[in-house]
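Engineer: how would this look folded up:
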Amino acid sequence: MSSEGYPRRTLHLPHSDTFGKSLHYMDHNDRAHLSYEKAKAIGLSYDMSIDDVLSLTPKFWQLHNDPAVLLDGGAITLLTIQYNLCAGTIARYAGRRPELVPLVEDLLQYRKHGQYMMTELGHGLDIGNIETTATLLPSGEFLLHSPTPGAAKFMPPTVPAGLPCVAVVFARLIVNGEDCGHRPFIVPLNDGKQMCAGIQSRLLPYRGGPNPLTHSMTTFTSVRLPRSALLGSLEKPANFHANLMDIIWRITVGTIALGCLALPFMQCYATIGTMYSLRRLVGPASDPARRAPILSFRTQQAPILAVTANAYVMQALQRWCIARFCDQSLDSRVRHGIAAIFKGVMVQHSQQGAIGVSERCGAQGLFVHNQMSCLHNEMRGIAIAEGDVLGLAVRLVNELLLGRYEMLPAADPNSLLARHEAGLLQELRDIVKDVPHHRSGEVNRLVLPHCQPVMEAIGHRMAYDAAVAQGVRPCLVDLYVANVVRLDPAWYAEHAGLGRRAQQEMETRAMDAVLPLLGELVKEMDVFAYVTAPIVSDERWDAFVDALKVFRGNARFDALDESRGRAGQDAHLVRSHL
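Structural biologist: Here you go, the predicted model:
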């Protein structure tokens, strides 16, 4: 049972044949293809329907909060692309085009692989200027083409992986020589064994750190598509930007969905850090009475308590954000802002937890088999996917400064974090009111570098409000506030009357209150079944060591005698040259 009260749908997976395979010495290519099998197993555990994907039911959010991500981040990447981006985009048009329903069901039942192809090598976040074209032919077909090397679709894993693969590909629609804006097209990529005619996929080297995936660069050379491949109409939209934002709505859904994955990451760090720190003892081995767990030291407690408090507060923020995001009575720009803010703070706190806890595990924290370094690298990818955090922050904060809309107000404007949010926003407003244009050099130099901290400050305040409203333990809320104060200590000293000593005392009091509850808090997180790190117990460590490759032999090698022999030869050579 999860801490949210619903059954874990994937509890049967950690010890299944697919997930139980040892990865430590497995070839990267084999691991990458195994991730497809894992993605299918996780997806089928949820039995997702078209309504789940379209209506964003609790089941949809549970999938993106499932601790199975701790077992293979690559599998969850494949799964969220398939269910949210690919199937979700096609399902949006299936109401008017019932012939699309079987394709969506094939994707949800994993009879086909699905990909989503928007970003291009030469354009990155500048999606408005992608170059791929889909030209309407007199026959009614379309000609899909990548006109330059920079138009290659970047990163989606498109190489054959056993099942037929279709993609939602974004291109500029060209009708009678006129650019009619962006459109999504359904494009068959491969039959599971080889690419379709006119489509070329170049396998990229594997990313360093996370679970390997077959990320690729994909180009199209005059690929003919039937009229039915177009999702949407041929009509030129009145507003190109509004049309683009509408057709990529599933990216916004993905922004908040991927942010949800940070919660099991933080719960994992808290669990590993606590269990390892209780197991690891210091003191003379000959005198057990004098040995003590390293968790008895405040330096060891601090990052573990911090990530624990952050996890509970982030769980409250997650509930709050999902409820508002799904409220269609809210301005769509505000809903997009909520998704951006949520993802920003989730990524921030997850990465802080990964570094803090893994460093306190010493050399053990560096190894991929102890999960933390791998999850940290997975989160780096999540921070970029479905909206780069910095790009989201720049867009959001600039629109707030221009007064185009406002985020939902603070429940308590006098709270410490609400005052911080208001203060940072006012600082930027004071700059903007004196500049000639919001795209001026002054804004570039004086505003853009501060957009992400401001977006995070809004998120910190939202998290505090959500935690208080939902009755999160006050000691956890207090520690969360202390954690946030440490992120910008100068502001609180300058504007809130909290000097360095006062900030330290605030943190100390909060940690003292949380520490006696740590075991209970970790147990409530309920992610141990998905923790594979061997350092959490003696039994797991012994089993891990027994499974390692062993090198034995009978070689005889006297290093000292060999060194003496070389020294004598060197001396003889020196003498011969004198």
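
Engineer: what pLDDT does the model give Glu495?
Structural biologist: Small correction: residue 495 is His, not Glu. pLDDT for His495: 97.

Engineer: does it touch Glu421 like I think?
Structural biologist: No - with contact defined as Cβ atoms under 8 Å, His495 does not reach Glu421; the gap is 11.8 Å. Yep, even glycine has a C-beta here, placed from its N, CA and C like the rest.

Engineer: neighbour count winner among those two?
Structural biologist: It is Glu421, of His495 and Glu421, that has more neighbours when counted by other Cβ atoms under 10 Å, with 24 against 12.

Engineer: neighbours of the closest residue to Glu178 other than its chain neighbours, how many?
Structural biologist: Nearest residue to Glu178, sequence neighbours excluded (Cβ to Cβ, 6 or more residues apart in numbering): Lys236, at 7.1 Å. Lys236 sits with 13 neighbouring residues when counted by other Cβ under 10 Å.

Engineer: contacting residues for the most centrally placed residue in the chain?
Structural biologist: The residue lying closest to the centre of the chain (Cα atoms, centre = their mean) is Ile382, at 2.5 Å. Residues near Ile382 by Cβ atoms under 8 Å, 6 or more residues apart in numbering: 258-259, 261-262, 347.

Engineer: go with 7 Å
Structural biologist: The contact partners of Ile382, taken as Cβ atoms under 7 Å, 6 or more residues apart in numbering, are 258, 261, 347.

Engineer: over to Met118?
Structural biologist: Counting by Cβ under 7 Å, 6+ apart, Met118 has contacts 127, 170, 248.

Engineer: the stretch 151-300 of the chain: strands as residue ranges?
Structural biologist: 153-155, 165-175, 178-190, 199-203, 216-220, 223-225, 281-282, 292-293 (DSSP state E, counting those that start in this stretch).

Engineer: can you list the ones you listed in a markdown table and add mean pLDDT and mean neighbour count?
Structural biologist: Shown next, in a markdown table, are the strands of the stretch 151-300 of the chain (pLDDT from 0 to 100; neighbours: other Cβ atoms under 10 Å):
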| stretch | mean pLDDT | mean neighbour count |
| --- | --- | --- |
| strand 153-155 | 95 | 21 |
| strand 165-175 | 98 | 22 |
| strand 178-190 | 97 | 20 |
| strand 199-203 | 97 | 16 |
| strand 216-220 | 98 | 23 |
| strand 223-225 | 98 | 18 |
| strand 281-282 | 94 | 12 |
| strand 292-293 | 96 | 13 |
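
Engineer: any chance of those in TSV, with distance to Ala41 too?
Structural biologist: Shown next, in TSV, are the strands of the stretch 151-300 of the chain (distance: least, Cβ to Cβ, whole Å):
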stretch	distance to Ala41
strand 153-155	24
strand 165-175	18
strand 178-190	22
strand 199-203	24
strand 216-220	23
strand 223-225	32
strand 281-282	38
strand 292-293	37
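
Engineer: quick one: which of these is nearest Leu517?
Structural biologist: Between Leu517 and those, the tightest spacing by Cβ to Cβ is seen for strand 292-293, at 17.0 Å.

Engineer: just give me how far the closest one sits from the chain centre.
Structural biologist: Relative to its chain's centre, strand 292-293 lies at 35 Å (Cα atoms, centre = their mean, to the nearest Å).

Engineer: can you list the strands that that strand pairs with?
Structural biologist: strand 281-282 (antiparallel) (DSSP bridges).

Engineer: correct me, but Cys165 touches Asn190?
Structural biologist: Yes - in this structure, Cys165 is within contact of Asn190 by Cβ atoms under 7 Å, at 5.1 Å.

Engineer: looking at the helix or strand encompassing Ile458 now, give me its mean pLDDT.
Structural biologist: For Ile458, the host element (DSSP states H and E) is helix 451-469. Average pLDDT, helix 451-469: 98.

Engineer: repeat for stretch 345-362
Structural biologist: Stretch 345-362 comes out at a mean pLDDT of 97.

Engineer: may I see the buried residues of stretch 442-458?
Structural biologist: 443, 446-447, 450-458 (16 or more other Cβ atoms under 10 Å).

Engineer: right, I mislabeled it, should have said stretch 278-291
Structural biologist: Buried-residue list, stretch 278-291, by 16+ other Cβ under 10 Å: 278-280.

Engineer: any weak-confidence spans in this protein?
Structural biologist: 1-6, 559-578 (pLDDT under 70).

Engineer: what's the helix holding Ile458 in contact with?
Structural biologist: Counting by Cβ under 7 Å, 6+ apart, 313-314, 316-317, 319-320, 340-342, 344-345, 348, 389-390, 393-394, 396-397, 407, 410-412, 415, 417-418, 420-421, 424-425, 428, 477, 480-481, 484 sit against helix 451-469.

Engineer: which stretches in the stretch 351-500 of the chain count as strands?
Structural biologist: Going by DSSP E, counting those that start in this stretch, the stretch 351-500 of the chain shows no strands.

Engineer: run through the helices of it in chain order.
Structural biologist: Using DSSP state H, counting those that start in this stretch, the helices of the stretch 351-500 of the chain run over 372-384, 389-401, 416-432, 441-446, 451-469, 474-485, 489-495, 500-514.

Engineer: who's in contact with Leu476?
Structural biologist: So Leu476 contacts 309, 312-313, 514 (Cβ under 7 Å, 6+ apart).

Engineer: which pair of those residues spans the longest distance?
Structural biologist: Pairwise across the contacts of Leu476, and taking Cβ to Cβ, the largest span is found between Val313 and Val514, at 11.8 Å.

Engineer: looking at these two, which is more packed in?
Structural biologist: Val313 (28 against 22).

Engineer: got a list of what that one touches?
Structural biologist: Per Cβ under 7 Å, 6+ apart, neighbours of Val313: 463, 467, 472, 476-477, 480.

Engineer: do the same with Thr89
Structural biologist: 168, 184, 250.

Engineer: same check on Ala411?
Structural biologist: Neighbours of Ala411 in contact, by Cβ under 7 Å, 6+ apart: 465, 469.

Engineer: okay, now Pro516: neighbour count?
Structural biologist: 9.

Engineer: distance of it from Arg473?
Structural biologist: 12 Å (Cβ to Cβ, to the nearest Å).

Engineer: please apply the same query to Phe528.
Structural biologist: Counting by Cβ to Cβ, the gap from Phe528 to Arg473 is 21 Å.

Engineer: ok, now His460?
Structural biologist: 18 Å.

Engineer: more neighbours: those two, which one.
Structural biologist: Shown here are His460 and Arg473; by other Cβ under 10 Å, His460 has more neighbours (29 against 16).

Engineer: could you check how far the more buried one is from Pro264?
Structural biologist: His460 is 21 Å from Pro264, by Cβ to Cβ.

Engineer: please apply the same query to Ala197.
Structural biologist: For Ala197 relative to Pro264 (Cβ to Cβ), the value is 42 Å.

Engineer: same check, this time on Arg227
Structural biologist: Distance from Arg227 to Pro264, by Cβ to Cβ: 43 Å.
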